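Participant: test case, fold it:
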Amino acid sequence: MIKQLSDVKEATRLTYARVFVGSDGVTHFEDSPIRMTPGVYVPGIPLVDSASPLPATTLTFSRLEAGYTSDWHPAPRRQFVVLLTGAAELTVSDGETRSFCPGSVFLVEDTVGTGHQTRALGSDECLFVTIAC
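Facilitator: Presented below is the predicted three-dimensional model:
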């Protein structure tokens, strides 16, 4: 889930969950902050806190049916996932499980190894966007 951290003297940061394969060959979660600083987004409007741009190659809309559960799988590509509706749960191969709700952002880059499991939570479908990077 995106957490907005604010401090009067520090730039605003966002934190997202990162799924990666460690040097031990096991998939893990890590919380990764993005530093944001105020700047001109559009001339003539108030300053907007923004992060440095990241390159992206494709954007895909996807849906999981209610009750969806996957087997272990690596990510098909390095991609950010933005959850739009519903709730999802990821379990990584070190045993940690995290749940995500609408508005959550996470990065999957476990493109080798055991990967992770994905499950749609609740009785609603899960809509999400993936942004390959």
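Participant: which residue ranges of this protein form strands?
Facilitator: Along the chain, counting by DSSP state E, strands occupy 3-7, 10-21, 27-35, 37-39, 48-50, 58-64, 79-85, 87-92, 97-100, 105-108, 116-121, 126-132.
Participant: for residue 71, which of those strands is the nearest?
Facilitator: Among the strands of the chain, strand 116-121 comes nearest to residue 71, with 6.9 Å by CB to CB. Yep, even glycine has a C-beta here, placed from its N, CA and C like the rest.
Participant: on that earlier part again, dump the strands of the chain to TSV, plus distance to residue 73, mean neighbour count and mean pLDDT.
Facilitator: Listed next are these as TSV, based on distance: least, CB to CB, whole Å; neighbours: other CB atoms under 10 Å; pLDDT from 0 to 100:
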stretch	distance to residue 73	mean neighbour count	mean pLDDT
strand 3-7	27	10	40
strand 10-21	12	17	85
strand 27-35	11	15	96
strand 37-39	37	12	92
strand 48-50	33	14	92
strand 58-64	13	12	98
strand 79-85	13	18	98
strand 87-92	11	20	98
strand 97-100	16	15	98
strand 105-108	10	21	98
strand 116-121	7	19	98
strand 126-132	14	18	98
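Participant: check contacts around the closest residue in space to residue 108 that isn't next to it in sequence.
Facilitator: Take residue 108 and drop its neighbours on the chain: the residue closest to it by CB to CB, 6 or more residues apart in numbering is residue 75, 3.9 Å away. Taking CB atoms under 8 Å, 6 or more residues apart in numbering as the contact definition, residue 75 lies against 19, 108-111, 115-116.
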